[in-house]
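**Q** My questions are about this predicted structure, shown below with the sequence.
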Amino acid sequence: MTHLFGTTLTKNNRQASGHLDTAYVGLVLMPKRNDGSKAARLKRYGAYEVRLVEFSQGDPPADCLWLELYCHITQSSLDSCRCDNLDDAETVADDLVSRAKQLYDDSK
């Protein structure tokens, strides 16, 4: 994910666009987790967090974006998706952020 040469991160009207840009850049500063991966938060609602994940061994390949909806209560991924370009990642991020908000609202 740190090797998206030639990719321009652009802002648009999508809900998660700015969060995705910030998380992508922030991955460089994130410490590696026990498994060697890194994760940067896009948005969090209570126990539900949407993350941008970078894997350590190129699986998935470094030229894709991996997004996940994570639950801190169960400490597990509820859903995840590989995206091969920024436009797809923004669409998926919007969906996951909406789902995180809905799960949070339903838990109140």
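**A** Here it is on my side, so go on. Residues are numbered from 1 along each chain as shown.
**Q** Quick one: distance of the longest helix seen in the chain to the chain centre.
**A** Assignment by DSSP state H gives helix 86-107 as the longest helix of the chain. When distances are taken as Cα atoms, centre = their mean, to the nearest Å, helix 86-107 is centred 10 Å away from the chain's centroid.
**Q** Bridge partners for residue 70, pull those for me.
**A** Here residue 70 sits in beta bridges with residue 49, residue 77, going by DSSP bridges.
**Q** How about the helix or strand of the chain with the lowest mean pLDDT, which residues are buried there?
**A** Lowest on mean pLDDT, DSSP states H and E among the helices and strands of the chain sits helix 17-26, with a mean of 81. Along helix 17-26, these residues count as buried under the neighbour rule (16 or more other Cβ atoms under 10 Å): 17, 19-21, 23-24. For the C-beta atoms, the positions are set from N, CA and C on the backbone; glycine is no exception.
**Q** go on, stretch 97-108?
**A** Using 16+ other Cβ under 10 Å as the test for burial, stretch 97-108 gives 97, 99-101, 103.
**Q** for stretch 76-90, same thing?
**A** Within stretch 76-90, the residues that qualify as buried by neighbour count (16+ other Cβ under 10 Å) are 81, 83, 86, 89-90.
**Q** Tabulate those in TSV, adding columns for distance to residue 34 and pLDDT.
**A** Shown next, in TSV, are the buried residues of stretch 76-90 (distance: Cβ to Cβ, whole Å; pLDDT from 0 to 100):
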residue	distance to residue 34	pLDDT
81	23	94
83	25	90
86	29	82
89	25	90
90	29	91
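**Q** now this protein, which segments are flagged as low pLDDT?
**A** Scanning the chain for pLDDT under 70 picks out 1-17, 57-63.
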